[in-house]
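Enquirer: Here you go, sequence then predicted model.
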Amino acid sequence: MPISVRAVLVAPVAALLLTAPPALATNYTLWIHGKNSGGTQPGNYADFSNWGPSSTAAGVNKKAVNWDGRQRIGGQNYRIRDALDCFCTGTNWCYIAVHSAGDLQIGYALSLYGGSARYKKNAIPNSSGVCGNTDGTTQVGWNIKWVDVASGAGGGSELADKGEWATSDPIVSDLVTTTARSLYNHNTTRGIWFYMFAGSKGTFYSGLLPGQDDDAVSYHSTGGVAGSAGGAYCNPSDWFCNDLTTGSGACEGGFAKWSYHSVKFRDDGEAYGHGANGNWEGIVSKVRADVVTYAR
């Protein structure tokens, strides 16, 4: 029996209708805050109260990754992994922006969990900040383009060493310089670059912090300088201190940076402090400007 023209046309159309459309790739910008008083809403990716007005431009499809900034890194890191699973798996990709102890959070996640199997998620979070699976398949780690770090505390702070943050907040013990530096392998970033933005405005108690500092964290940490303890690093104008170099090369004196860590901004003018002050200020402003330009 001859096949009708109608049958020839209908069959391919029916096959197309039965085929699921491919998932569309989406880019997101995740903002991970540092030590705070716990006022943010964990799991609420629209709560930018730690940073400033949510209406402010801060990268493509920006999301606030909130966690209890009073608690220890390991106990709260699941919040960061939930967000990475939600928005940085499957066909979706992420730009990451972090501040202060948020540097420890993303570094901890990548080093200890970045080689693990992650379910591909649908980027639709529930009230706890957890997203559903797409097709039940997994991938290794997350799809991350790069990490911008504002005043990174990956190397800890001498304010924690000296008891200047003498509070009952458990996170202070993680910010002791030797503890922060041994919390995970900082060289293990899964090949993802950390771009460091180091402020040096300082304050009246800067004598407690070695080298240049932004009033909370010194250049040895904000510049991603490797080693088991902090050291004194400065701007080139300071003759009595080794320079924190820009880029990924060793600092003056031959002191190396961690792998895949590069100083993108060094505050030679001593103009940028540590805090965002609820208005995207300080060294956070430099990261926000960078993210607006490049996170698309």
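Expert: Thanks, I have the structure now.
Enquirer: In terms of helix, strand or coil, where does Ser173 fall?
Expert: Counting by DSSP: H, G, I helix; E, B strand; the rest coil, the backbone at Ser173 sits in helix.
Enquirer: Quick check, it in contact with Ala160.
Expert: Yes. Judged on Cβ atoms under 8 Å, Ser173 makes contact with Ala160 at a distance of 7.5 Å. (Each C-beta comes from the backbone N, C-alpha and C, glycine too.)
Enquirer: Of these two, give the one with the bigger neighbour count.
Expert: Neighbours per residue, other Cβ atoms under 10 Å: of Ser173 and Ala160, the larger number sits with Ala160, 23 against 13.
Enquirer: Next, the more buried one: phi, psi?
Expert: As for Ala160, its main-chain torsions (degrees, to the nearest 10) stand at phi -70, psi -40.
Enquirer: from here on, count from 859
Expert: From this message on, residue numbering opens at 859, which makes the last subject Ala1018.
Enquirer: roughly how far apart are Gly932 and Thr1037?
Expert: The gap separating Gly932 from Thr1037 is 11 Å, by Cβ to Cβ, to the nearest Å.
Enquirer: same question, Phe1123
Expert: 27 Å.
Enquirer: And the two? Which one has more around it.
Expert: For Phe1123 versus Thr1037, neighbours defined as other Cβ under 10 Å are more numerous around Phe1123 (20 against 15).
Enquirer: Helix, strand or coil: sort out that one for me.
Expert: Applying three-state DSSP: Phe1123 is strand.
Enquirer: Look at the closest residue to it other than its chain neighbours and report its pLDDT.
Expert: Nearest residue to Phe1123, sequence neighbours excluded (Cβ to Cβ, 6 or more residues apart in numbering): Phe1055, at 4.4 Å. On pLDDT, Phe1055 comes in at 99.
Enquirer: same question, Tyr1118
Expert: At Tyr1118, pLDDT is 99.
Enquirer: can you pull the contacts of the most centrally placed residue in the chain?
Expert: Centroid-nearest residue in the chain, with Cα atoms, centre = their mean: Val956, separated by 3.5 Å. Taking Cβ atoms under 8 Å, 6 or more residues apart in numbering as the criterion, Val956 is in contact with Trp889, Ile890, His891, Gly892, Gln963, Ile964, Val1005, Asp1006, Val1007, Ala1008, Gly1010.
Enquirer: Hmm, Ala1153 is touching Ala915, no?
Expert: No. Here Ala1153 lies out of contact with Ala915, judged by Cβ under 8 Å, at a distance of 10.1 Å.
Enquirer: So the two - more neighbours on which side?
Expert: More neighbours surround Ala1153 than the other of Ala1153 and Ala915, with 23 against 11 (other Cβ under 10 Å).
Enquirer: Contact partners for the more buried one?
Expert: Ala1153 neighbours (Cβ under 8 Å, 6+ apart): Asn885, Thr887, Gly917, Val918, Tyr953, Ala955, Lys1003.
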